[in-house]
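S.K.: How does the following fold in three dimensions:
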Amino acid sequence: MSTERKKLIILSDLWGSKNIDWVYNYVLELRNKFEIIFYDVRELANIDSSIEEEELIHNEFVNGGIDRAVEKLKLEEISENSILLGFSVGGTIGWKYAVETNLVSNLICISSTRLRYEKEKPDCKIDLYFGNNDTYAPENSWFEELGLNKITLEGGHSIYKKESFSKFICFQLFQ
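M.R.: Numbering: from 1, shown residues only. You can find the predicted model right below:
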């Protein structure tokens, strides 16, 4: 019997490795069940880590950074049937990666508001979580057009940073 654990790819939010304490809530819960690989999406997108203004970082991602991150991720040795957990822009990068590679078996995107611009969905299990107060979450019509379920929970865009939310997501991954 194989003891090899399934790979769980975690893609950070736009802050990358800065202010990352919240990610440990996920890693501590999941490390015994999965082989976890964490990516700083700013690093993948080649965005200067000294930029500290959210709007400037966001613009860097929108103006080529997302595509650079997807291309760099495609160079990594990610095995088939990986689970990908992406936060905010990390989820958008994960979505595009999953569409282009078909290596993802389960895509979990949390607060990935830029998905509202996507027209093609990945061929895998998809779970999309948004806070009910996230202003830029895709409209219900987007979910209907792509045949997706929207899971809405109490909170705003940064819902994924709450320990109670991380416990909920980890529980879902154990199912």
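
S.K.: do you know how far Ser166 is from Asp21?
M.R.: Counting by CB to CB, to the nearest Å, the separation of Ser166 from Asp21 is 11 Å. Where C-beta positions appear, they are placed from N, C-alpha and C, glycine not excepted.

S.K.: The two: which is more packed in?
M.R.: It is Ser166, of Ser166 and Asp21, that has more neighbours when counted by other CB atoms under 10 Å, with 22 against 7.

S.K.: if I look at the closest residue to the more buried one other than its chain neighbours, how far off is Gly155?
M.R.: Excluding its sequence neighbours, the residue lying closest to Ser166 (CB to CB, 6 or more residues apart in numbering) is Asn25, at 3.8 Å. As judged by CB to CB, Asn25 and Gly155 stand 15 Å apart.

S.K.: and if you look at Leu115?
M.R.: With CB to CB as the criterion, Leu115 and Gly155 are 18 Å apart.

S.K.: Ile159 against Phe165, yeah?
M.R.: Yes: in this structure, Ile159 is within contact of Phe165 by CB atoms under 8 Å, at 5.2 Å.

S.K.: who has more neighbours, the two?
M.R.: More neighbours sit around Ile159 than around the other of Ile159 and Phe165, counting by other CB under 10 Å; the figures are 24 against 21.

S.K.: nearest spatial neighbour of that one, skipping sequence neighbours?
M.R.: Using CB to CB, 6+ apart, the closest residue to Ile159 is Gly131 (4.0 Å).

S.K.: Now for the one you found: which residues touch it?
M.R.: With contact taken as CB atoms under 8 Å, 6 or more residues apart in numbering, Gly131 is in contact with 111, 137, 152-159.

S.K.: Angles on the backbone of it, please.
M.R.: phi -70, psi 140 (degrees, to the nearest 10).

S.K.: Tell me the predicted confidence for it.
M.R.: Reported pLDDT at Gly131 in the predicted model: 95.

S.K.: Leu115 and Gly155: which has the busier surroundings?
M.R.: Neighbours were tallied for Leu115 and for Gly155 using other CB under 10 Å; the higher tally belongs to Leu115 (25 against 19).
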